[in-house]
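Asks: Give me a model of this one.
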Amino acid sequence: MGSETYQSPLTWRYGSDAMRHIWSESFKHLTWRKVWIALAQVQMNYGLVTASQVAELEAHQAQIDRDQCARIEAEIHHDLMAELKVYANQCPDASRILHLGATSMDIEDNTDIIRLKQAIELILKELRSLLSTLAGLIADHARTTVMAFTHLQPAESTTLGYRFASYGQDLLEDYLSLKAITNNLKGKGFKGAVGTRASYAELIGKDNLEEFEERLSEKLGIRFFEITSQTYPRRQDYILMCALAGLGATLYKMAFDLRFLQTPPIGELSEPFYGKQVGSSAMPFKRNPIRSEKIDSLGRLLAQFPRVAWDNAAHSLLERTLDDSANRRSLLPEACLIAEEMVMTANTIFSGIKINLPAIDRDLSIYGPFAGIEKVLLAAVKKGADRQAMHELLRDHSMQVWQVVQRGDPNPLVDQLVADPEITRYLAPVELLELLKVENHIGDAPQRAQAISTRIREIIAA
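Replies: Sure, this is the predicted structure:
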């Protein structure tokens, strides 16, 4: 970047330019001015502000002078008051009524909610794109049989679409949760130093206070809490951080699974690897899963943010302490930037994911015969076999075959079972062969995968 001082990677490496703009100092100061103008516009209805003063504020709204503001802040150690002084100097007539009746958090907390709502909408937009991509993959591969793994060991068969459907279902819940929380985000409103609205009551009278805040809510496009202290309840930040961390957990699992499935011994899936991409500085042959690893790395950090937000909520003594202020300057923007980067990266992965059908067939040929063992057991018991004795017999065959497979030889399980007279007492060879077909042991997974694909598409289109 050519900078001589530390910069967070989030200022240039992770997240979108649009997200960084929302959390920039310039946009924050512009939004402060937007809130001051809204306050003056509404106060004009009560004879406190003139139309010419509002016009003056509007005329100078975009004239942010960060250098001058920084010089003043260095002297007075209050960033909002520094901006207030700059704005007041630019508006000599309106300076007399600027910030009238307000406390700093009337401006700052409402600004935070305006920015949070815009930031989360960027994440939701990316999330809708990811869900759309996943819905397509689910539908396309609802019947593509693959080996399922439990304990990172081959288990029974499933379908690739059903596996994708598990991610899609979780992501859809994250989407709905985050959308509901965002729609319900509330600002502090205009309630003064300790939330009583005493200063505004002095200016416009108690009977006008409800109408006063309703007008401001409409102008700013955000709802307000009914009860606040000097700030809006910091519990709201905690709820939002939990939702973002929950989204991070879903994305983390998706990426972690992909890292496992693209290891060469399995190799069924892989993230995009571009023509000039370098996998390793020392080993030119490497194809490291850097995008999946980035998701997991960022996810570990995002997972810690709810703890900070919990402390901010729980430790805010009485009507307000300032021990949340410094960490919220990074907590809110970094949570949004990290979540956005994780979704953007997942979008890149799944829109270009490579599905290696020969590797899937290879793994099915090695481990697939084991998937029918449960069906053989159930069918034999239906024909009169003793469940416990048949389970032990099938287990003995399976353990013998595992040793063969581990030597790298073809799986002989089907041949062994067909040749066992105790098993064929109950099940004819042709029946056994049908039971042991791996593609016949996927239950109704294809139908349920298709159903969640349809549901995803319907919801994100609404």
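
Asks: and residue 158, that one's in a strand?
Replies: Yes. Counting by DSSP: H, G, I helix; E, B strand; the rest coil, one finds residue 158 located in a strand.

Asks: pLDDT weak spots in the protein?
Replies: Residues of the chain meeting the criterion pLDDT under 70: 1-2, 275-286.

Asks: center of it, which residue is that?
Replies: Geometric centre of the chain, nearest residue: residue 247, 3.3 Å, by CA atoms, centre = their mean.

Asks: For that one, which residues are in contact?
Replies: 123, 127, 171, 174, 178, 339, 342, 343 (CB atoms under 8 Å, 6 or more residues apart in numbering). Heads up, the C-betas are built off the backbone N, CA and C, glycines and all.

Asks: Repeat that for residue 64.
Replies: 26, 29, 30, 33.

Asks: go with 6 Å
Replies: Neighbour list for residue 64: 26, 29 [criterion: CB atoms under 6 Å, 6 or more residues apart in numbering].

Asks: Regarding it, what is its secondary structure?
Replies: Per three-state DSSP, residue 64 ends up coil.

Asks: Serialize the contacts of residue 247 to a markdown table and add fields for neighbour count and secondary structure.
Replies: Formatted as a markdown table, the contacts of residue 247 follow (neighbours: other CB atoms under 10 Å; DSSP: H, G, I helix; E, B strand; the rest coil):
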| residue | neighbour count | secondary structure |
| --- | --- | --- |
| 123 | 28 | helix |
| 127 | 26 | helix |
| 171 | 21 | helix |
| 174 | 23 | helix |
| 178 | 20 | helix |
| 339 | 31 | helix |
| 342 | 30 | helix |
| 343 | 26 | helix |
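
Asks: could you redo these as TSV and give each row distance to residue 203?
Replies: Formatted as TSV, the contacts of residue 247 follow (distance: CB to CB, whole Å):
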residue	distance to residue 203
123	39
127	43
171	48
174	44
178	38
339	40
342	46
343	45
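
Asks: Between the residues you listed, which sits nearest residue 389?
Replies: residue 171 (45.3 Å; CB to CB).

Asks: from memory that closest one sits against residue 251, does it?
Replies: No. Residue 171 sits out of contact with residue 251 when judged by CB atoms under 6 Å, with a separation of 7.9 Å.

Asks: all strands for the protein, in order.
Replies: 145-150, 153-159, 186-187, 223-224, 269-270, 354-355 (DSSP state E).

Asks: among these, which is nearest residue 290?
Replies: Between the strands of the chain, strand 269-270 lies closest to residue 290; by CB to CB that is 11.7 Å.

Asks: Of the strands of the chain, which is nearest residue 305?
Replies: Nearest of the strands of the chain (CB to CB): strand 186-187, 20.2 Å.

Asks: which helices and strands does the closest one pack with?
Replies: helix 104-140, strand 223-224 (3 or more CB pairs under 6 Å, 6 or more residues apart in numbering; DSSP states H and E).

Asks: Run me through the strand neighbours of that strand, direction for each.
Replies: Strand pairing for strand 186-187, determined by DSSP bridges: strand 223-224 (parallel).

Asks: circling back: save the helices and strands packed on strand 186-187 as CSV, and put in distance to residue 363 too.
Replies: Converted to CSV, those look like this (distance: least, CB to CB, whole Å):
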stretch, distance to residue 363
helix 104-140, 19
strand 223-224, 53
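
Asks: Of the strands of the chain, which is nearest residue 138?
Replies: Nearest to residue 138, of those and by CB to CB, is strand 153-159 at 9.4 Å.

Asks: the domain parsing of this structure - what is it?
Replies: If you go by automatic domain parsing, the domain ranges for the chain are 9-96, 104-356, 373-435.

Asks: Now do the end-to-end distance for stretch 134-149.
Replies: 21 Å (CA to CA, to the nearest Å).

Asks: Need the contact partners of it.
Replies: Here stretch 134-149 has contacts from 154-161, 164-165, 168, 360, 363, 367, 438-439, 446, 449-450, 453, 456-457, using CB under 6 Å, 6+ apart.

Asks: of these, buried ones?
Replies: Listed as buried from the contacts of stretch 134-149 are 154, 156-161, 164-165, 168, 360, 363, 367, 438, 446, 449-450, 453, 456-457; burial here means 16 or more other CB atoms under 10 Å.

Asks: Narrow these to those in helices?
Replies: 160-161, 164-165, 168, 360, 363, 367, 446, 449-450, 453, 456-457 (DSSP state H).

Asks: Format these as CSV; extra columns: distance to residue 304.
Replies: Formatted as CSV, these follow (distance: CB to CB, whole Å):
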residue, distance to residue 304
160, 33
161, 34
164, 29
165, 30
168, 27
360, 37
363, 36
367, 38
446, 39
449, 34
450, 38
453, 34
456, 30
457, 34
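
Asks: right, and the pair among these with maximum separation?
Replies: Farthest apart among those - using CB to CB - are 367 and 457, which lie 33.1 Å from each other.

Asks: Count the residues that sit near residue 429.
Replies: A count of nearby residues for residue 429, using other CB atoms under 10 Å, gives 13.

Asks: and the nearest residue to it once chain neighbours are set aside, how many residues sit next to it?
Replies: Residue nearest to residue 429 in three dimensions, not counting chain neighbours: residue 418, with 4.7 Å by CB to CB, 6 or more residues apart in numbering. As a burial measure, residue 418 scores 17 neighbours (other CB under 10 Å).
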